[in-house]
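All I have is the shape, not the residue letters:
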């Protein structure tokens, strides 16, 4: 593995893990706050237990997200010093605001976790909501920085010189809105389905059924609403990408030749050498419609661009296909969920229905990672789209491959421990959090 | 506005050194406490830093963001030539932070606690060491952008006796700060006396490591002695630090924990002033005799202005909230953790 590939792999892997920790860390506080609100309104002790149980999950993920985020703020420089030298002053604005948001999140979490019975109960509740809001704000701000890499703004560029820098214009770049919207919804979808699925699993195991059913409903409702909204946001993103980054859109659809009434392609095996797609299903004119809102408008193909500016077509295409397939599956499951709520309430207690949610535990996050691959790999070969190539940004230090191995083992073990801890929290629900459980309050070393 | 940004950079680094340092120190103390007192130290430590450790580590991120937005060339130079110690620092921060959180949030109390404890304690020891090494290498004139060999460019830039001495010094300072810091949460007198004895040991170690820093500085040609004692500001700082040590000793006999904390924090402040004032605004001294200065390397005026406003507005939100958090949890009331 050469150093450049090692640096890219390390960055991709770090972000790939961080995105999971960060998404759970920014969405779970809302679940926690909803449950807390129910408790304060109804006085139902189960909701109090659930709030506490979820707050432990938030604390674990927040700590993990905080350290992986710290790692990333260093890795940007460790791996891409040339990029940071020029980009830092331009796209730094969202990072400095994100620092504030994250700081507030840390403080609010301190209040929330240690504030039971110490403060006015609604103040305490509000600190929990603030954890969610500031977490969400951090996420949106970080996406602004990524959006700037896709849609550079706020500076003039001439032969390697970056002048007339305007950090505010850079932050308010064209891609920010569509990317942030898509990211936030994706965070709710993936976290919602993962949390709902885990509680569904516990219901299937007939453990603390009332507790887990309440948890399941909150998480599933949030996840399902977001899943149904996500296609709308996807459409906004597609139109935006078609306009700003035609090579990315073309790679997503493995679309080599410019054509009007371009078909929407499902599946297929990318044959980059012969520039065609084998065994694909094509829906006539749909791509033109999705990209431009007009079936007759041509969609630009990859061949309009020099080959050195193409992103890796196969990876981008497969990742995109994976994302939309999983997205559609989750939409379908969401529809079933709302049918169950409104018309067929007995479904909620059936094994097949709960099993579907257990099956969906990883799907949201796989879709989220696939979407991340689409946006990042689809931006290549550029680190700043159309301005700076990724290979020109990498550190001159040799031996990055070892750093890649170290980081990989750190992230893999970190994730393993997080999963282990969450599993142990789930296992202990009866003793620690569910007041209706006969074992509640029994402390033992098991 | 440049000076607002520089002030934020400096204050963030200082706060990270005392707050983050005390965090690390807690782990070091735990490591060097015998079995009999270890769980008490652990509980007291948790009381002191539990609700705020994540906030403490935000100061480092703020310093990093200020560097890459306001002084990108300084940030990229550090990132390139100090890649290895930065990486090791990061690994320490990760291991420490997660182990600290995990040992508290593991729902089952079993042998895994030992694993978390070990990781927490060892990484608490190692992390400030690399923090010190990095700080030392910014002024030791070993960073050489014209170096051609791997060792010269990426290893000798930080690995030298002076760096190691500053690393050890930072470890000792962290432990010293923590030993003073947690006294306030200790509870009964016997245990306070125990912690005060510990603090005295760490104080002696700080003095020892300090003289090692001066010796190695002389040896490797870093004009540290001149920076500290060559100017009026340095001399006054040393004098005030000495006075505050006396006050601290007096406060220790009267069990005035807040005053002790203030004195310890003040001493670190004086050390930092004495060490940086003389070569300000030069932040990185390079091997060829030139330097990267905060004034020359600042990014465009507009970026600096926006950054300064961002920091000021952020502070309006953060500081009252942070103080209220510290205030709420440091009241003498019974600590409830649920």
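Nice, thanks for sending it over. No experiment lies behind these values; they were computed from the predicted model shown.

okay, CA-based contacts and neighbour counts for the rest of this
Noted.

Which of the three states applies to residue A:277?
strand (DSSP: H, G, I helix; E, B strand; the rest coil).

in the stretch 151-300 of chain B, what residue is nearest chain A?
Minimum separation of the stretch 151-300 of chain B from chain A (Cα to the nearest Cα) falls at residue B:299, amounting to 6.3 Å.

Spatially nearest residue to that residue (excluding sequence neighbours)?
Of all residues not flanking residue B:299 in the chain, residue B:70 sits nearest, at 5.3 Å (Cα to Cα, 6 or more residues apart in numbering or on different chains).

what's the burial count for whatever residue of chain A ends up closest to chain B?
Nearest residue of chain A to chain B (Cα to the nearest Cα) works out as residue A:89 at 4.2 Å. For residue A:89, the neighbour count with other Cα atoms under 10 Å in any protein chain shown is 28.

hang on, it packs against residue B:301?
No: the pair residue A:89 / residue B:301 is not scored as a contact, 10.2 Å apart, by Cα atoms under 8 Å.

show me the contacts for the residue of the stretch 151-300 of chain B closest to chain A.
A:89, B:69, B:70, B:71, B:72 (Cα atoms under 8 Å, 6 or more residues apart in numbering or on different chains).

rewinding a little: could you check what's spatially nearest to the residue of chain A closest to chain B, not counting adjacent residues?
Per Cα to Cα, 6+ apart, closest to residue A:89 is residue B:69, 4.2 Å.

Regarding residue 266, which helix or strand does it belong to?
Just so you know, I chose chain A. Using DSSP states H and E, residue A:266 falls within strand A:264-271.

oops, I was thinking of chain B
Going by DSSP H and E, residue B:266 is in helix B:257-276.

what does residue A:281 give?
Counting by DSSP H and E, residue A:281 is found in strand A:276-283.

Contacts for the following helix or strand past that strand next, please.
Downstream of strand A:276-283, the next assigned helix or strand under DSSP H and E is helix A:286-292. Around helix A:286-292, the neighbours that count as contacts under Cα under 8 Å, 6+ apart are A:235, A:238-239, A:242, A:260-265, A:294-299.

Of all pairs in the residues you listed, which one is the farthest apart?
Using Cα to Cα, the contacts of helix A:286-292 span at most 19.0 Å, a distance reached by A:235 and A:260.

Need phi/psi at residue A:437.
Backbone torsions of residue A:437, given as degrees, to the nearest 10, read phi -80, psi 140.

Now it: closest residue in space, sequence neighbours ignored.
Nearest residue to residue A:437 in three dimensions, chain neighbours excluded: residue A:430, at 5.4 Å (Cα to Cα, 6+ apart).

Other residues contacting the strand or helix carrying the one you found?
Secondary structure from DSSP H and E places residue A:430 in helix A:429-432. Residues outside helix A:429-432 that contact it (Cα under 8 Å, 6+ apart): A:49, A:53, A:208, A:437, A:438, A:439, A:440, A:441, A:442, A:443.

got the contact list for the strand holding residue A:281?
So strand A:276-283 is in contact with A:254, A:256, A:263, A:264, A:265, A:266, A:267, A:268, A:269, A:270, A:271, going by Cα under 8 Å, 6+ apart.

Just want the residue of chain B that's nearest chain A.
Residue nearest to chain A within chain B: residue B:69 (4.2 Å; Cα to the nearest Cα).

Go ahead and confirm that residue touches residue A:92.
Yes: look at residue B:69 against residue A:92 with Cα under 8 Å: they come within range, at 5.1 Å.

quick one on the thing from earlier: give me the neighbour count for the residue nearest to residue A:89.
If you count neighbours by other Cα under 10 Å, residue B:69 ends up with 29.

Over to it: give its phi and psi.
When read as degrees, to the nearest 10, the backbone of residue B:69 gives phi -80, psi -50.

quick one, what contacts it?
Residue B:69 neighbours (Cα under 8 Å, 6+ apart): A:88, A:89, A:90, A:91, A:92, A:93, B:299, B:303, B:304, B:307.

Name the nearest of those residues relative to residue A:393.
Nearest to residue A:393, judged by Cα to Cα, of the contacts of residue B:69 is residue A:88 at 12.6 Å.

I'd like the distance from stretch A:166-186 to the chain centre, please.
The chain centre lies 14 Å from the centre of stretch A:166-186; the measure is Cα atoms, centre = their mean, to the nearest Å.

What are the buried residues along it?
Under the neighbour-count criterion of 16 or more other Cα atoms under 10 Å in any protein chain shown, stretch A:166-186 has A:166-186 buried.

ok, and which of those reach chain B?
Residues of the buried residues of stretch A:166-186 in contact with chain B (Cα under 8 Å from any Cα of the partner chain): A:166, A:167, A:168.

Not counting sequence-adjacent ones, nearest residue to the first one?
Right, residue A:166. residue A:154 (4.7 Å).

Can you show me the strands along the stretch 201-338 of chain B?
B:282-285, B:291-293 (DSSP state E, counting those that start in this stretch).

okay, the ones you listed, which one's buried deepest?
Most buried of the strands of the stretch 201-338 of chain B by mean neighbour count (mean count of other Cα atoms under 10 Å in any protein chain shown) is strand B:282-285; its value is a mean of 20.

Would you list the strands that that strand pairs with, along with their directions?
Note on strand B:282-285: by DSSP bridges, its sheet partners are strand B:291-293 (antiparallel).

Show me what the strand it pairs with is in contact with.
In contact with strand B:291-293 (Cα under 8 Å, 6+ apart) are residues B:74, B:280, B:281, B:282, B:283, B:284, B:285, B:286.

ok, of those residues, which one's closest to residue A:73?
Nearest to residue A:73 among the contacts of strand B:291-293 is residue B:74, at 14.9 Å by Cα to Cα.

Adding secondary structure, write the contacts of residue B:299 out as CSV.
Output for these, formatted as CSV (three-state DSSP):
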residue, secondary structure
A:89, helix
B:69, helix
B:70, helix
B:71, coil
B:72, helix
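
and which of those residues is nearest residue B:2?
Of those, the one sitting nearest to residue B:2 (Cα to Cα) turns out to be residue B:70, at 8.7 Å.

my guess is that closest one contacts residue B:306, does it?
No: checked against Cα under 8 Å, the pair residue B:70 and residue B:306 is beyond contact range at 9.9 Å.

So for those two, which residue has more residues nearby?
The neighbour comparison of residue B:70 against residue B:306 (other Cα under 10 Å) goes to residue B:70, with 31 against 19.

mind listing what that one touches?
Residues counted as contacts of residue B:70 (Cα under 8 Å, 6+ apart) are A:88, A:89, B:5, B:298, B:299, B:303, B:304, B:307.

Show me what from the stretch 301-446 of chain A comes close to chain B.
Contacts of the stretch 301-446 of chain A with chain B, taken as Cα under 8 Å from any Cα, map to A:395, A:396, A:397, A:398, A:421, A:424, A:425, A:428, A:445, A:446.

Any of these buried? List them.
A:395, A:396, A:397, A:421, A:425, A:428.

So which elements touch the longest helix anywhere in chain A?
Counting residues, the longest helix found in chain A (DSSP state H) is helix A:3-42. For helix A:3-42, the packing partners by 3 or more Cα pairs under 8 Å, 6 or more residues apart in numbering or on different chains; DSSP states H and E come out as helix A:45-79, helix A:121-150, helix A:176-204, helix A:209-244, helix A:363-377, helix A:400-427.
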